[in-house]
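Chemist: Okay, sequence plus prediction incoming.
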Amino acid sequence: MSNTCENNVINASENASCKTKANRIASAFDHGKAFIPFITCGDPDLATTAKAVREAVRNGADLVELGIPFSDPTAEGPVIQEANVRALQGGVTTDKIFDLVRDLRKDVTIPLVFMTYANVVFSYGTDRFLQTCSEIGIDGLILPDIPFEEREEFLPACRKYGVKLISLIAPTSAGRIAMIAKEAEGFLYIVSSLGVTGARNEIRTDLESIVKEVRANTDIPCAVGFGISRPEQAAKCAEVSDGAIVGSAIVRIIAEYGTEAPEKVGEFVHSMVSALRP
Amino acid sequence: MSNPNGRFGIHGGQYIPETLMNAVIELEEAYNKYKVDLEFQRELAELLEEYGGRPSRLYYAKKMTEDLGGAKIYLKREDLNHTGAHKINNVLGQALLAKKMGKTRLIAETGAGQHGVATATAAALLGMECVVFMGEEDTIRQALNVYRMRLLGAEVIPVKTGTATLKDAVSEAMREWTNRISDTHYCLGSVMGPHPFPTIVRDFQAVISKEIKEQMLAKEGRLPDAVIACVGGGSNAIGSFYNFIEDKSVRLIGCEAAGRGIDTWETAATISTGKLGIFHGMKSYFCQDEYGQIAPVYSISAGLDYPGVGPEHAYLHDIGRAEYVAITDEEAVEAFEYLARTEGIIPAIESAHAVAYALKLAPTMGKDKCIVVTISGRGDKDCAAIARYRGEDIHE
């Protein structure tokens, strides 16, 4: 295993691609508060996804979450559920999404992470999935149906191929935050609200005290997601954290404008980045 | 049979969002406390007996036995329970547990509607709020049960996502639980989902095999040679099997829904056609495509129309302790009609899958052998749908 990046340790003898990969997620948080858009791959088609990602990058996105659609996304609200349905009906597959990333990596240098469900990775063959992630330049993996207790299912393969398995902390994580934060890699995903993904008028969770406990246990950055749809909400969440993650609001733009959406996504990202880094 | 992390061999586990972790940990702690609490046990036993109608009868099906000319057939009459199915065993246990935990609201998924009706019933009895998620397709197939739940004071939410059947109802109930945890217990209806549900539901359903054992010893002075039950998620089957797992002479046979056949896409026979996966909180066998997308399964029976199977069944299959066979719609409908005509008992179409296998197995066994078939529920709810299957223009 001479060309793998185990346990976060960057060894001078390891090859260059591993080295840049292991550093790439941290780089998203290098220039102030980070903005992290989420896009469901293949909604409405992969060409639109590629354009939307490039528009997001051009407008200042610091890291992009690429959603691999799943038939039964139990952590998603209606907006992203419908995007999953559209993408799967359009014939997108895990292999086609790997090809999309290969194409994006010709010019996109910011960190890219996959967000999907355990069965998508497991059924592909966990080792084969993560090996491919490493080869095509994916930096991290978010699996909302994998809590701390089950991460051994995927962690060994993630470490073997230098892909960060991103941990999530929820408003209901009392008593678990230190345990999760101490072992976290890449960045920590702070779930802002109870329930599923989707825009909310107001975020009531006491994010400040959660982040305080996170900071006491780890130095890795933490970004807040779930329910953020407007620039002022993003700015407020980022006041107490290192960045904001927005999914449903972007997916809604894509649902409305279809193949014409990339430019609108770019404008939206610009407004969010401006609010986060005025 | 499960280790502390809720594993049955490689199956089971807790593959759920972080948001729910403290809720399942709280549930496990409460369950471990109350399962050895004598007062809780006394209250539950009283509810099961006085309200649920337990013990259920073990009925010797004489005409069926004579007609088939082989093994003696006994029917475990879970259809005679209050609300008409085995579901009440689990629901009374979970509702009482939830009440002890200080929860005031029950949510549940339902396929055929039997678990939803049972949950609505327990909520009415114990003075709890109740919301039931049911696939829109199933609200049409089982319209009468929708009315029953509403009559009992529950809110029924038709689920329109995905295939609008049981799996989507489970997904939506899980989403609702992540949205509202502090006052809400998710009363899961089968031996599936994240730990500790497969263990809790199995323990509450194990009363079925405990009674079968006692009743067989009383009637025949010996154990049965085979126990047959239908398997969707697998709660009545694990309940029927559990106390016989160590009795190696007893064949345990689970009957899955083959729908239009296991060589077609219109099937729900998970163990026959599925592969290992992770979904709905557990590792087990699931009907899925090569990329892990969950398959839109099909069965005439709304209660067996689920793309997965409980982790303990997956384990019993792996170690060869239980056998799993697939029964088609046509075989189940024939068995539904056969039991009505022969014994004057109309079984649920789910249970008719178990009867169908008994029709095949009994003639191959000697007259000195005994088979127990669990009639998990009554078939009143299915009459209109079966009539339509046979070409009659009947609507509820």
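Modeler: Nice, thanks for sending it over.
Chemist: Who are the contact partners of residue B:155?
Modeler: The contact partners of residue B:155, by C-beta atoms under 8 Å, 6 or more residues apart in numbering or on different chains, come to B:130, B:131, B:132. From N, CA and C alone the C-beta is placed, and that goes for glycine too.
Chemist: again, 7 Å this time
Modeler: residue B:131 (C-beta atoms under 7 Å, 6 or more residues apart in numbering or on different chains).
Chemist: how close does it sit to chain A?
Modeler: To chain A, residue B:155 is 18 Å away according to C-beta to the nearest C-beta, to the nearest Å.
Chemist: List phi and psi for that residue.
Modeler: phi -90, psi 130 (degrees, to the nearest 10).
Chemist: Check what pLDDT it gets.
Modeler: Residue B:155 carries a pLDDT score of 98 in this model.
Chemist: Can you get me a residue count around the nearest residue to residue B:76 once chain neighbours are set aside?
Modeler: Among residues not flanking residue B:76 along the chain, residue B:374 sits closest, at 4.5 Å (C-beta to C-beta, 6 or more residues apart in numbering or on different chains). Neighbour count for residue B:374, taken as other C-beta atoms under 10 Å in any protein chain shown: 30.
Chemist: quick one: contacts for residue B:374?
Modeler: Contacts of residue B:374 (C-beta under 7 Å, 6+ apart): B:76, B:78, B:208, B:229, B:236, B:240, B:351, B:354.
Chemist: One more: residue B:223?
Modeler: The contact partners of residue B:223, taken as C-beta under 7 Å, 6+ apart, are B:213, B:216, B:247, B:249, B:250.
Chemist: hang on, the earlier thing: work out for me the element the residue nearest to residue B:76 sits within.
Modeler: strand B:370-375 (DSSP states H and E).
Chemist: Report the distance from that strand to the chain centre.
Modeler: 16 Å (C-alpha atoms, centre = their mean, to the nearest Å).
Chemist: helix, strand or coil for residue 98?
Modeler: You didn't say which chain, so I picked chain A. Under DSSP: H, G, I helix; E, B strand; the rest coil, the three-state class of residue A:98 is helix.
Chemist: Could you dump the contacts of residue B:374 into CSV with secondary structure and neighbour count added?
Modeler: Shown next, in CSV, are these (DSSP: H, G, I helix; E, B strand; the rest coil; neighbours: other C-beta atoms under 10 Å in any protein chain shown):
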residue, secondary structure, neighbour count
B:76, strand, 32
B:78, helix, 31
B:208, helix, 30
B:229, strand, 32
B:236, helix, 33
B:240, helix, 31
B:351, helix, 36
B:354, helix, 32
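Chemist: Which one of those is nearest to residue A:218?
Modeler: residue B:236 (47.1 Å; C-beta to C-beta).
Chemist: Burial check on the nearest residue to residue B:250 once chain neighbours are set aside, number of neighbours?
Modeler: In space, residue B:250 comes closest to residue B:244 once its chain neighbours are excluded; the distance is 4.3 Å by C-beta to C-beta, 6+ apart. Neighbouring residues of residue B:244 were enumerated by other C-beta under 10 Å; the total is 23.
Chemist: residue of the stretch 51-200 of chain A with the smallest distance to chain B?
Modeler: residue A:123 (2.9 Å; C-beta to the nearest C-beta).
Chemist: how much space between that residue and residue B:275?
Modeler: Applying C-beta to C-beta, to the nearest Å, the value for residue A:123 to residue B:275 is 8 Å.
Chemist: Those two: which is more packed in?
Modeler: residue A:123 (23 against 13).
Chemist: what's the more buried one in contact with, if anything?
Modeler: B:277, B:288, B:291, B:292.
Chemist: can I assume the first one is in contact with residue B:289?
Modeler: No. Using C-beta atoms under 7 Å, residue B:277 is not in contact with residue B:289, being 10.6 Å away.
Chemist: more crowded one of the two?
Modeler: In this view residue B:277 and residue B:289 are compared by other C-beta under 10 Å, and residue B:277 has more residues nearby, 22 against 13.
Chemist: Residue A:123 versus the more buried one, what's the distance?
Modeler: 6 Å.
Chemist: Those residues of chain B touching chain A, which are they?
Modeler: By the rule C-beta under 7 Å from any C-beta of the partner chain, the part of chain B lying against chain A is B:13-19, B:21-22, B:161-162, B:167, B:171, B:174-175, B:178-179, B:181, B:277-279, B:288, B:291-294.
Chemist: Excluding chain neighbours, what is closest to the residue in the stretch 51-200 of chain B that chain A sits nearest to?
Modeler: For the stretch 51-200 of chain B, the residue closest to chain A is residue B:179, as judged by C-beta to the nearest C-beta, at 3.5 Å. Closest residue in space to residue B:179, ignoring its immediate chain neighbours: residue A:195 at 3.5 Å, by C-beta to C-beta, 6+ apart.
Chemist: Likewise for residue B:43?
Modeler: In space, residue B:43 is closest to residue B:96, 6.2 Å off (C-beta to C-beta, 6+ apart).
Chemist: In contact with residue B:232, which residues?
Modeler: Contacts of residue B:232 (C-beta under 7 Å, 6+ apart): B:111, B:190, B:303, B:304, B:306, B:350.
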